[in-house]
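In: sequence first, then the predicted structure, then my questions.
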Amino acid sequence: MADTPATLLWLRRDLRLSDHPALNAALKRGAPVIPVFICDEAVEGLGAAAKWRLGLSLDALAKQYERNGSRLILRRGDALQVLRALVAETGATAVHWSRLYDPQAIARDKAIKAALAGDGVEATSHPGHLLFEPWTVETKQGGYYKVYSPMWRAVKDRDVGSPLKTPDDLNAPDDWPRSDALSDWSLGAAMRRGAAVCLPHQRVGEAAAQDRLAWFTTEAIDRYKINRDLPARDGTSGLSENLSLGEISPAQCWHAGLRALHEGAGGAEQWVKELVWREFAYHLLYHTPQIATRNWREDWDAFPWSEDAGTEAVTRWKQGRTGVPFVDAAMREMYVTGKMHNRGRMIVASYLTKHLLTHWRVGQQWFADCLTDWDPASNAMGWQWAAGSGPDAAPYFRIFNPETQLAKFDPKGHYPQAWIAECSEAPSETALSFFDAVPRRWGLRPDDAYPAPMINLSDGRKRALEAYGARSF
């Protein structure tokens with residue numbers, strides 16, 4: 001193979017064939033293209049649910065490549081070492097990839113680009129994971145946006161190029177390098193018995209993502225502005241898992257949303273705004289990478305949050321046994337489906353950080369382990385927004401009341417009924433599935449008595465406000 005000048009396509013969170021700038025650029029070189037996914041340190045460090053969901057996506061993508069006359073090569077190890085080995089094995093003269101924006105990925109990719117260039121190998125990164133590259137969106141003063149609304153106004157009329165079509169020919173090589181077996185990676189090992197419960201709730205791969213987008217923009221987007229807040233209703237696009245892994249591109253979503261808007265769909269603009277909310281999260285992660293690990297507002301560093309993840313209160317929060325139905329239903333939904341309704345995310349995050357005065361990092365890390373749609377930017381910003389320590393978190397002292405929120409957005413109590421078996425004489429299948437998904441060591445049973453609330457909501461709110469009042473923000 002050393003006599004064949006190939007191009008390596010290093011795949012990461014761009015697991016699709018359509019609207020793939022890196023793939024298209026690799027093909028334009030005219031040389032055979034060898035797609036490769038590397039199980040490196042970043043992949044090994046993923047949480048249990050996210051790693052398992054990645055494995056499902058890789059399996060779907062490998063089959064998709066095979067149907068199109070190509071293959072997906074899998075290798076495990078340090079990314080630079082793997083790429084250098086593949087260059088030596090295949091005679092590749094170029095490596096192309098799609099950009100990522102978290103600080104660890106940026107540092108890794110810069111080092112790899114420099115090393116490959118030093119080896120005489122062309123190394124090129126491409127857009128595709130975002131609508132707008134973070135450095136292209138600036139305030140009138142030339143800085144980055146710290147508030148969402150002005151960023152939305154700045155980008156809402158920008159031209160987003162039309163999505164690229166799936167290439168007709170993937171230009172496969174005559175000979176292929178060795179590939180690992182995906183099963184040998186055991187990406188789903190940490191999910192244990194929860195994998196079987198979660199599996200039916202995943203929409204895996206590019207075809208499933210496109211089908212869901214088509215359904216949403218024709219059947220559900222019109223009432224999105226109202227239904228997105230109703231946790232018991234299937235009123236959102238549900239594309240977060242697909243966007244996270246790049247099974248669909250944000251540009252494809254953007255153009256589908258604009259088409260619906262031009263056709264008069266009432267909720268289309270709100271949905272397009274949510275795509276820009278995702279952009280805002282990445283905009284902040286790129287410009288202020290500390291948002292992923294530290295308080296975005298430094299004046300919160302002295303706030304007396306507890307960082308003990310092993311307290312009884314935190315354990316009961318994790319188990320969905322706080323005695324607060326909205327909180328518990330949302331947590332249980334996550335264990336069964338791998339996802340959680342967005343309003344549920346706000347409620348459980350507010351409850352943990354404000355009623356329980358527990359640091360947002362405890363919740364952030366738990367979500368990273370449990371969500372199949374985990375996203376580094378959205379998870380970090382969402383937790384800091386809810387906690388009050390992040391950008392655009394005004395007013396920081398807002399404390400969601402789970403009872404009044406449930407009464408407002410689910411007045412008939414359908415959401416708790418769907419997820420909390422102990423509250424029903426005839427529990428739903430989804431509510432019972434929770435007990436099959438959670439760790440056996442928790443010892444939870446559907447015939448357990450539903451617990452009384454850990455704390456009085458009014459007392460918890462008062463305690464949080466007193467803590468805020470004692471600080472100077």
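Out: Perfect, thanks for sending it. Given the structure is predicted, the values throughout are model-derived calculations rather than measurements.
In: residues in contact with the longest strand seen in the chain?
Out: Using DSSP state E, we find that the single longest strand of the chain is strand 33-39. With contact meaning C-beta atoms under 8 Å, 6 or more residues apart in numbering, strand 33-39 is reached by 6-12, 23, 26-27, 58, 61, 65, 70-77, 79, 82-83, 86, 90, 92, 170-173, 176-177, 180, 185, 187. In short, each C-beta sits where N, CA and C put it, glycine included.
In: so what pLDDT did the most centrally placed residue in the chain get?
Out: Nearest to the geometric centre of the chain sits Asp375, at 2.7 Å (C-alpha atoms, centre = their mean). If you check Asp375, the pLDDT there is 97.
In: then the one 10 residues further on?
Out: Trp385 is assigned a predicted lDDT (pLDDT) of 95.
In: that one: how many residues sit nearby?
Out: Neighbour count of Trp385, defined by other C-beta atoms under 10 Å: 23.
In: hang on, it packs against Pro395?
Out: No: Trp385 is beyond contact range of Pro395, at 11.8 Å (criterion: C-beta atoms under 8 Å).
In: need the contact list for Leu61.
Out: Leu11, Leu15, Arg16, Phe37, Leu72, Gly205, Glu206 are the contacts of Leu61 under C-beta under 8 Å, 6+ apart.
In: who's in contact with Val432?
Out: I think there's a mix-up here, since residue 432 is Leu and not Val. Applying C-beta under 8 Å, 6+ apart, the residues contacting Leu432 are Ala421, Pro446.
In: and it, how far from Glu425?
Out: Distance, Leu432 to Glu425, using C-beta to C-beta, to the nearest Å: 13 Å.
In: what of Thr288?
Out: 51 Å.
In: and those two? which has more neighbours close in?
Out: Between Thr288 and Glu425, counted using other C-beta under 10 Å, Thr288 has the larger neighbour count: 15 against 4.
In: re earlier: tell me the helix or strand right after the longest strand of the chain.
Out: helix 41-44 (DSSP states H and E).
In: how far does that following helix sit from the chain's center?
Out: Taking the mean of its C-alpha atoms, helix 41-44 sits 16 Å from the chain's own mean (C-alpha atoms, centre = their mean, to the nearest Å).
In: the stretch 101-250 of the chain: helices as residue ranges?
Out: Assigned by DSSP state H, counting those that start in this stretch, the stretch 101-250 of the chain shows helices spanning 103-118, 148-155, 182-185, 194-198, 206-215, 224-227, 240-245, 250-262.
In: break the chain down into its domains, please.
Out: Following automatic domain parsing, the chain resolves into domains at 1-128, 130-162+194-287, 298-469.
In: thought Asp436 was touching Arg193?
Out: Yes: at 6.5 Å, Asp436 counts as touching Arg193 under the criterion of C-beta under 8 Å.
In: how long is stretch 157-170 from one end to the other?
Out: With C-alpha to C-alpha, to the nearest Å as the measure, the ends of stretch 157-170 fall 34 Å from one another.
In: mind listing what's buried in that stretch?
Out: Neighbour counts over stretch 157-170 (16 or more other C-beta atoms under 10 Å) mark Pro163, Leu164, Pro167, Leu170 as buried.
In: cool, stretch 78-93 as well?
Out: By neighbour count on 16+ other C-beta under 10 Å, the buried set for stretch 78-93 is Ala79, Leu80, Val82, Leu83, Arg84, Leu86, Val87, Glu89, Thr90, Gly91, Ala92.
In: likewise stretch 112-125?
Out: Going by neighbour count (16+ other C-beta under 10 Å), the buried part of stretch 112-125 is Ile112, Lys113, Leu116, Val121, Ala123, Ser125.
In: leaving out sequence neighbours, find the closest residue to the second one.
Out: Read it as Lys113. Among residues not flanking Lys113 along the chain, Ala123 sits closest, at 4.4 Å (C-beta to C-beta, 6 or more residues apart in numbering).
In: confirm Arg75 sits in a strand?
Out: Yes: note on Arg75: a strand contains this position according to DSSP: H, G, I helix; E, B strand; the rest coil.
In: ok, the closest residue to it other than its chain neighbours to Val95 distance?
Out: Spatial nearest neighbour of Arg75, chain neighbours left out: Val82 (4.6 Å); criterion: C-beta to C-beta, 6+ apart. According to C-beta to C-beta, Val82 stands 11 Å off from Val95.
In: over to Ala251?
Out: Taken as C-beta to C-beta, the span from Ala251 to Val95 is 23 Å.
In: so for those two, which sits in the more crowded spot?
Out: Val95 (25 against 20).
In: under a three-state scheme, what state does the more buried one occupy?
Out: On the three-state scheme (three-state DSSP), Val95 is labelled strand.
In: and the residue nearest to Met191 when sequence neighbours are not counted, how many neighbours does it have?
Out: Excluding the flanking residues, the one nearest Met191 by C-beta to C-beta, 6+ apart is Trp52, at 4.4 Å. Other residues lying near Trp52 total 24 when counted by other C-beta under 10 Å.
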